[in-house]
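Student: got a sequence here, can you model it:
(chains A and B)
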Amino acid sequence: MNEFIVNIIHRPEMVPEYAEKVTGHGKAEDLGRKALLRESLDIFLTQQECAHKNGLKTTIQMTYASLFNDEAVQTAKEHHEKYGDEIALSLLGLPCKEFRDKYKTKDFCIWMFSMDDKKAIVRDVFEKFYEKFGFYPESTGSYYMDADLINFIKAEYPSVKCAVATCWEEGPKAYHTCNNSWYTFMDGGPWAPWIPSRANTHAPAANADEDSGIVAIPHLSRDLLACYDGNGSNFGTHPQNVLRGMIYDTKTWEYPYLYNLIDQYRSLGKYNNGYAYNMMFVGPGWMNKMGRWEQPYELLLKSYNDGCAYYGKLKKEGKLKDLTMAEFADYYRQKKTYTEPECALWSDILYGSDKQLFWYTDPYMRACVNMDQGGAVVDLRPYAAKLEWPVGIGTKHVYDASYPFLIQEKYRAGYFTHYAGEGTVRSAKIIHGGEEVDLCLCRTKAHFSQSGRDRVLTLDPVEAEFSDGLTVKIQSVITFTEGSSEIKFERRIVDMSDPTADVTVREYMVGCYGTTEYSEDMTPLTLKVSAEGGDKVIPYKYKCRTESAVGASEVSCNIPPIKTRVSMRCGNGGALGYVSEGYAFSPMFTLGYEIKVCDKEDVVTWLKLERAD
Amino acid sequence: MAQAGKGRLNYRCPSCFMRDIDMDMFYDKEKDEYYCLRCQYRGNEKDVLEKNEMARFRYGAMAKRIKFDVDD
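Tutor: Purely as a prediction, here's the structure:
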């Protein structure tokens, strides 16, 4: 039996993002404009009404600005009494006259302030909340909550047990979509709730010692295929985001995509021991009376009503549980263990293709497997490093909160490159008679199964054809073993047109590190082939060198800037292990193994992630 | 010529939208056209709406309600 949970969150954001800039176009900025405050409150009340009339309870995240508004405070108290809504506290919605006068800045993203300011603001906002309500909140959040901020809040206000802590894959893509003006760089996190580690919010805690003490939820439940390639803010459980993406019929004002998205999330229970999750959190700026881009207010309102109505219908049918954030945190702690992974075999619901991705997250990694590329790993985040990555003014990362990748096919090419060089990917090549067939060019489909601690992805066999007439049918099985920090890849030669022939299988990973499209300095990296006859080492100098050894026990790369060590080992005796340095036009590294196999034989390799120090 | 403003609705540039950039357009009253500050697109409301339809070409499943295997 599937349990599908939804968190519906509203915030009375007295000066909504966008509203001042959009509806106030042509007017000098005035955060205290009475009309703006009134409209903001009205939108919040409308959102509350949409949820309540559909039988749904909400989490009301009071903003700093709303704590100065008696009507907003009174409404929250009444709705808590009448509907069971949770009164929580958001660190979004800081901008207001009182905040500007006090902090003398236009910054509004809590993770970007200096640590001293973060502490001052948190104390200010939480104490103001206490003054108005007589208790401290159990839930909080922002678009991103860095680890130092969460740790501070948990230490000062231990009542907090749940927080909105990241927007999935909101990074350079969102920045570009906003004409390079939207500084929410927070790629690389989980798409579904998790327990953040004390070291890095994006990396889930592996045990009680690493536990930050809160359950984190993502801002929105996003399309795990469309968002990875396109603008994240077009494809999520945010009805107006769907309109922003123009994913609706302009004549009928219908948007089946929104319901398909919710339903696909519902279907993820079968990969996660019967649990699935959704979150809807629409800021009032998306429902202002002036309309939003091409959409008139009437359509904005309709879409929000429809979104709530669909969740309400599922609830009435017994297919959904609406929880407040604090209730959800308790539910999650009961339901999940630290090492239990989150899995999603996700299909395209937008373009009409049959493309599939598999996403996997646990405390040691986040990985994406692309079935349109033969089961290649096209995104890899080494959570095993639990990388300390302070963000905000006064740190090395003023705005960049993304968890670094080793593989990212969109930012670092993936299989396809122009003219020269290689892109980041973990795949395999089948080699015969001087020809190579990369599995990246063999489209397939995956089937998920779970056996003990293993989550297994079994791919439909694909065929490689060579010019001498040889055809090789090969099947990939990819296994994620809970708590192992490894991915196992098995390639099975299912059939060969000439049973006496042999082929070479080259298992490889092209990697690098970074958080954006642009290459980082690779010179701190060290590549190594570990073998009985002695290790062979390449300190990275962009010199295009390769080292190899037959029977290598391991090939590895040490990446000190992100405290990560990535390695491969092979289960087939006598395989040739190799490492390759990149060059200036291709600033990557490669780890791999080559082995000759015959019909019905297997090649088994493991990719492992560790903290380097 | 007076400065440009926003139109009845706040249209984005359809050309930029198709390359995943949300660029608000501004409205030139004298020419009755919207224009993009980033690229060279300009057009009246009818043209913008037509191009917005064109931008949906990639959403092949946009109108389709899909049934998922959900174990409720």
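
Student: ok, residue A:1 - how many residues close by?
Tutor: Residue A:1 has 6 neighbours, counted by other CB atoms under 10 Å in any protein chain shown. Heads up, the C-betas are built off the backbone N, CA and C, glycines and all.

Student: repeat for residue A:499
Tutor: That count, for residue A:499 with other CB under 10 Å as the rule, works out to 9.

Student: could you confirm residue A:588 falls within a helix?
Tutor: No. Counting by DSSP: H, G, I helix; E, B strand; the rest coil, residue A:588 falls outside a helix, being strand.

Student: what sits closest to it if chain neighbours are left out?
Tutor: In space, and not counting its chain neighbours, residue A:588 is closest to residue A:582: 4.2 Å by CB to CB, 6 or more residues apart in numbering or on different chains.

Student: same for the strand or helix carrying that neighbour, what does it pack against?
Tutor: Assigned by DSSP states H and E, residue A:582 falls within strand A:576-583. Using 3 or more CB pairs under 8 Å, 6 or more residues apart in numbering or on different chains; DSSP states H and E, the elements in contact with strand A:576-583 are strand A:526-530, strand A:536-539, strand A:546-550, strand A:554-559, strand A:586-598.

Student: just want the angle from that strand to strand A:586-598.
Tutor: 160 degrees (axes from the mean of the first three to the mean of the last three CA atoms, to 10 degrees).

Student: if we can go back for a sec, who wins for proximity to residue A:459 among the helices and strands packed on strand A:576-583?
Tutor: strand A:586-598 (17.4 Å; CB to CB).

Student: adjacent strands (with direction) for the helix or strand that comes right after that closest one?
Tutor: Next along the chain after strand A:586-598, taking DSSP H and E as the criterion, comes strand A:602-611. Using DSSP bridges, the strands paired with strand A:602-611 are strand A:486-496 (antiparallel), strand A:564-570 (antiparallel).

Student: once you drop chain neighbours, what's closest to residue B:16?
Tutor: Counting by CB to CB, 6+ apart, residue B:23 is the residue found nearest to residue B:16 once chain neighbours are left out, at 4.3 Å.

Student: residue contacts, the one you found?
Tutor: A:179, B:12, B:13, B:16, B:17, B:36, B:37, B:38, B:39 (CB atoms under 8 Å, 6 or more residues apart in numbering or on different chains).

Student: the last one reaches residue B:15, doesn't it?
Tutor: Yes. Taking CB atoms under 8 Å as the definition, residue B:39 is a contact partner of residue B:15 at 5.4 Å.

Student: these two: which is more packed in?
Tutor: Taking other CB under 10 Å, residue B:39 and residue B:15 do not tie; residue B:15 has more neighbours (19 against 13).

Student: OK, contacts around the more buried one?
Tutor: With contact set as CB under 8 Å, 6+ apart, residue B:15 has these partners: B:36, B:39, B:41, B:51.

Student: kindly report the same for residue A:486.
Tutor: Contacts of residue A:486 by CB under 8 Å, 6+ apart are A:606, A:607, A:608, A:609.

Student: quickly list what it is bridged to.
Tutor: residue A:608.

Student: before we move on, back to that, tell me which of the strands paired with strand A:602-611 sits most buried.
Tutor: strand A:564-570 (a mean of 23; mean count of other CB atoms under 10 Å in any protein chain shown).

Student: contacts for it?
Tutor: A:382, A:384-385, A:387, A:404, A:406, A:507, A:509, A:511, A:513, A:552-559, A:577, A:591-593, A:595, A:603-612.

Student: again, only using 7 Å
Tutor: With CB atoms under 7 Å, 6 or more residues apart in numbering or on different chains as the test, strand A:564-570 has contacts from A:382, A:385, A:406, A:509, A:511, A:553-558, A:577, A:591, A:593, A:595, A:604-612.

Student: list only buried entries from these.
Tutor: Among the contacts of strand A:564-570, the ones that count as buried by 16 or more other CB atoms under 10 Å in any protein chain shown are A:382, A:385, A:406, A:509, A:511, A:554-558, A:577, A:591, A:593, A:595, A:604-612.

Student: spell out which parts of chain A neighbour chain B.
Tutor: Within chain A, the residues that sit near chain B (CB under 7 Å from any CB of the partner chain) are A:1-2, A:22, A:25-26, A:176-179, A:230-231, A:246-247, A:249, A:256-257, A:259-260, A:263-264, A:266-267, A:269-270, A:291, A:293-294, A:296, A:319, A:349-352.

Student: now list the buried members of the contacts of residue B:23.
Tutor: Counted by 16+ other CB under 10 Å, the contacts of residue B:23 give B:12, B:13, B:16, B:17, B:36 as buried.

Student: ok, the first one - contacts?
Tutor: Neighbouring residues of residue B:12 by CB under 7 Å, 6+ apart: A:293, B:22, B:23, B:24, B:25.

Student: coming back round to it: CA atoms of the strand holding residue A:582 as CSV?
Tutor: The C-alpha trace of strand A:576-583 is given here as CSV (Å, rounded to 0.1, in the frame of the first residue of the first chain):
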residue,chain,number,x,y,z
LEU,A,576,44.0,-3.8,-17.6
GLY,A,577,43.4,-0.8,-15.3
TYR,A,578,44.3,2.6,-16.5
VAL,A,579,44.1,6.3,-15.7
SER,A,580,44.3,9.2,-18.1
GLU,A,581,45.1,12.8,-17.5
GLY,A,582,43.3,15.4,-19.6
TYR,A,583,44.6,18.4,-21.4
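
Student: what does it rub up against?
Tutor: Residues contacting strand A:576-583 (CB under 7 Å, 6+ apart): A:522, A:527-529, A:538, A:540, A:542-550, A:552, A:555, A:570, A:588-594.

Student: hmm, 6 Å instead?
Tutor: With CB atoms under 6 Å, 6 or more residues apart in numbering or on different chains as the test, strand A:576-583 has contacts from A:527, A:529, A:538, A:540, A:542-550, A:552, A:555, A:588-594.

Student: next, the angle from it to strand A:546-550.
Tutor: Here the directions of strand A:576-583 and strand A:546-550 differ by 180 degrees (the same axes, to 10 degrees).

Student: tell me how far strand A:576-583 lies from the chain's centre.
Tutor: How far strand A:576-583 lies from its chain's middle: 30 Å, per CA atoms, centre = their mean, to the nearest Å.
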